[in-house]
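> With the sequence up front, the predicted model follows.
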Amino acid sequence: MVKYTIGKIAEIVQGTLIGDPETEVEGVAIDSRLIKDNELFVPIKGERVDGHTFVKGLFEKGIKVSFWQAGTEEMPENGNIILVDDNLKALQKLAAQYRKDLGVRIVGVTGSSGKTSTKDLIASVLSQKYRVLKTDGNKNNDIGVPLTLLSINSDIEVAVIEMGILDFGIMDNLVEMVRPDHTVITSIAPAHIMRFKTMDNIVQQKCLINKYLDEGICFYNHDTYGLADYLPTMNLRNSPVGYGFNANSNVVIIPGNFDASGMTFSISEYPEEEYSVPLLGMHQLLNSTAAVLVGKKLGLTYEEIRTGLQNVQLTPHRRQMIKINDSIVIDDTYNSNPGSLCASLEMLSGLRTDYKKCVCLGDMLELGDNEAEFHASIADRVDFSVFREIMLYGNLMKNLYESLKTKNIESEYYEDKKLMLEDLKTLLKERVIILFKASNGLRFMDLIKDLEDFYEC
């Protein structure tokens, strides 16, 4: 992790040091509850809490140095302070310099959906040959990315950095810090379209991940919206490599077996090599193929790539399979948008299993003015007749409920989550496989935890 004198840190972030420039720190923290004595504290001004209020107490407990944002009152008189114009920008400047000093190879991953699973798959593959660090969980924003970069130890050979954006300008900030050597773009969907306004804007903003790509390769999902048309206009030094099921892809995915234990597949570039993953869903074949291609580019053997895929551990709440009673729960509750929801429903629909297939779906948030239409349209994109039970919750999911009614497909709409939980407890007494999918704000992961607790009693 980052190890500098505070004099050097002040120079990097163009701040004013009040204290001993030779004092050395190792690591950075933004959480006053978790900071270690030898770490730099960065007080972030949040909606509810201002980190500056903890600085005086942290000095009393023995920390060595803290940023302090100019204009903030009650600056402590004792303790090393680096006075900066903006704490977050200072954190990002520090991360950008540390990335340059490290010289580590970085694979940057972005996309509207699938980026966390793809990050996990790539890291699992590369770890068969290299010492690898990957983004922890979904810390992929303008705070999480610099903290991830600053946590890289000097012995790390490759870092896999997830890069998420909610609005214009964010990718510019992230890529200034990360400067990836190779990139992966997983998908384009109307996530956060309330801010981006159009799908084409999403394409352009995601593709900014390639802004500093030099000798590296951009691997991208050829089947998704817009990338195959836009990427060639960027005039990258090396031609981007599109992968997908479409025969026009540079690399064509060839699906194999597909059951409750996972999937097998091969790709057109290496047809004699069969891979297997303990995951479900055609989109996970796309994500796995990205991992294969990155692995090949970084010199891994077939055996190393195969082992990495077979042993992948996904970040929780991304298609995580959980056994509850005699049923299987698919926990896909971290987030939801029309693209990822359809992919999850199609995954369950195509699964070969004797379990009864059920779905429990909640609202997709941040879809802008057309949010009602997006929810209703799911009924036209997926064949819901294959599902034994369809349980819907949230104000927006009522639009899908009404749309399914026009197709004579029965579903249950709930305004009370507690009532839905009671019905779920009853449903799981049968032998079912049930998909839980909703945006994070609906806290469907809590429903699953309640079901686990109920059947453990």
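Nice, I can see it.
> When you work out contacts or count neighbours from here on, use the C-alpha atoms and nothing else.
OK.
> so what's the closest residue to residue 36 other than its chain neighbours up against?
Of all residues not flanking residue 36 in the chain, residue 63 sits nearest, at 7.0 Å (Cα to Cα, 6 or more residues apart in numbering). Taking Cα atoms under 8 Å, 6 or more residues apart in numbering as the contact definition, residue 63 lies against 36, 37, 38, 39, 40, 41.
> 7 Å instead, please
37, 38, 39 (Cα atoms under 7 Å, 6 or more residues apart in numbering).
> Turn those into a markdown table, including secondary structure.
Output for those, formatted as a markdown table (DSSP: H, G, I helix; E, B strand; the rest coil):
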| residue | secondary structure |
| --- | --- |
| 37 | coil |
| 38 | coil |
| 39 | coil |
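> With respect to pLDDT, which of these ranks lowest?
Across these, the smallest pLDDT goes to residue 37, namely 88.
> Secondary structure element holding the residue lying closest to it once chain neighbours are set aside?
Excluding the flanking residues, the one nearest residue 37 by Cα to Cα, 6+ apart is residue 63, at 4.2 Å. Secondary structure from DSSP states H and E places residue 63 outside every helix and strand.
> Any idea how many residues pack against residue 37?
By the measure other Cα atoms under 10 Å, the count of residues near residue 37 is 17.
> give me the beta-bridge partners of the residue nearest to residue 87 when sequence neighbours are not counted?
Spatial nearest neighbour of residue 87, excluding adjacent residues (Cα to Cα, 6+ apart): residue 69 at 5.7 Å. Per DSSP bridges, the residues bridged to residue 69 are residue 84.
> On the pLDDT front, check the spatially most central residue of the chain for me.
Most central in the chain under Cα atoms, centre = their mean is residue 116, positioned 3.3 Å from the mean C-alpha point. Looking at residue 116, its pLDDT is 90.
> swap in residue 260?
pLDDT for residue 260: 68.
> if we can go back for a sec, who's in contact with the residue nearest to residue 87?
Contacts of residue 69 by Cα under 7 Å, 6+ apart are 83, 84, 85, 86, 87.
> got those residues as CSV, with pLDDT, distance to residue 259 and neighbour count columns?
Formatted as CSV, these follow (pLDDT from 0 to 100; distance: Cα to Cα, whole Å; neighbours: other Cα atoms under 10 Å):
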residue, pLDDT, distance to residue 259, neighbour count
83, 97, 58, 22
84, 97, 55, 21
85, 97, 55, 16
86, 96, 52, 17
87, 97, 50, 22
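> from those, which is closest to residue 26?
residue 87 (18.0 Å; Cα to Cα).
> separation between the closest one and residue 72?
Using Cα to Cα, to the nearest Å, residue 87 is found at 11 Å from residue 72.
> do the same with residue 202
Residue 202 is 36 Å from residue 72, by Cα to Cα.
> who's in contact with the helix or strand harbouring residue 25?
Assessed by DSSP H and E, residue 25 sits inside strand 24-26. Outside strand 24-26, the residues within contact range by Cα under 7 Å, 6+ apart are 1, 2, 3, 4, 5, 6, 38, 39, 40.
> which is the next helix or strand following it?
Assigned by DSSP H and E, the successor of strand 24-26 is strand 28-29.
> Which residue comes closest to residue 142 once chain neighbours are left out?
Residue 142 sits nearest to residue 174 (Cα to Cα, 6+ apart), 6.5 Å away.
> what helix or strand does the residue of the chain positioned farthest from its centre sit in?
Ranked by distance from the centre of the chain (Cα atoms, centre = their mean), the top residue is residue 77, with 41.0 Å. Using DSSP H and E, residue 77 sits in no helix or strand.
> next one: phi and psi at it?
Backbone dihedrals for residue 77, given as degrees, to the nearest 10, come out at phi -90, psi -20.
> again, but for residue 165
For residue 165, the backbone dihedrals (degrees, to the nearest 10) come out as phi -130, psi 140.
> Give the full set of residues in contact with it.
By Cα under 7 Å, 6+ apart, residue 165 lies in contact with 141, 171.
> got a list of what the closest residue to residue 96 other than its chain neighbours touches?
Among residues not flanking residue 96 along the chain, residue 177 sits closest, at 4.1 Å (Cα to Cα, 6+ apart). Applying Cα under 7 Å, 6+ apart to residue 177 gives the contacts 92, 95, 96.
> cool, and residue 244?
Counted by Cα under 7 Å, 6+ apart, residue 244 has contacts 221, 222, 223, 251, 252, 253, 286.
> ok, it to residue 47 distance?
41 Å.
> Can you show me the helices along the stretch 51-200 of the chain?
For the stretch 51-200 of the chain, the helices defined by DSSP state H, counting those that start in this stretch occupy 55-61, 87-102, 115-126, 144-150, 170-178, 193-196, 199-207.
> And for the stretch 301-450 of the chain?
Using DSSP H, counting those that start in this stretch, the helices of the stretch 301-450 of the chain run over 302-310, 338-350, 371-381, 397-406, 417-427, 444-456.
> and these, which one's lowest on average pLDDT?
helix 338-350 (a mean of 89).
> could I have that one exported to PDB, CA atoms only?
Only the C-alpha atoms of helix 338-350 are listed here, as PDB (Å, rounded to 0.1, in the frame of the first residue of the first chain):
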ATOM      1  CA  PRO A 338     -33.700  -3.900 -17.800                       C
ATOM      2  CA  GLY A 339     -30.700  -5.500 -19.400                       C
ATOM      3  CA  SER A 340     -29.500  -7.400 -16.400                       C
ATOM      4  CA  LEU A 341     -33.000  -8.400 -15.400                       C
ATOM      5  CA  CYS A 342     -33.800  -9.900 -18.800                       C
ATOM      6  CA  ALA A 343     -30.500 -11.700 -18.700                       C
ATOM      7  CA  SER A 344     -31.300 -13.200 -15.300                       C
ATOM      8  CA  LEU A 345     -34.800 -14.200 -16.300                       C
ATOM      9  CA  GLU A 346     -33.600 -15.800 -19.500                       C
ATOM     10  CA  MET A 347     -30.900 -17.700 -17.500                       C
ATOM     11  CA  LEU A 348     -33.500 -19.200 -15.200                       C
ATOM     12  CA  SER A 349     -35.900 -19.900 -18.200                       C
ATOM     13  CA  GLY A 350     -33.200 -21.800 -20.100                       C
END
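> Cool, thanks, talk later.
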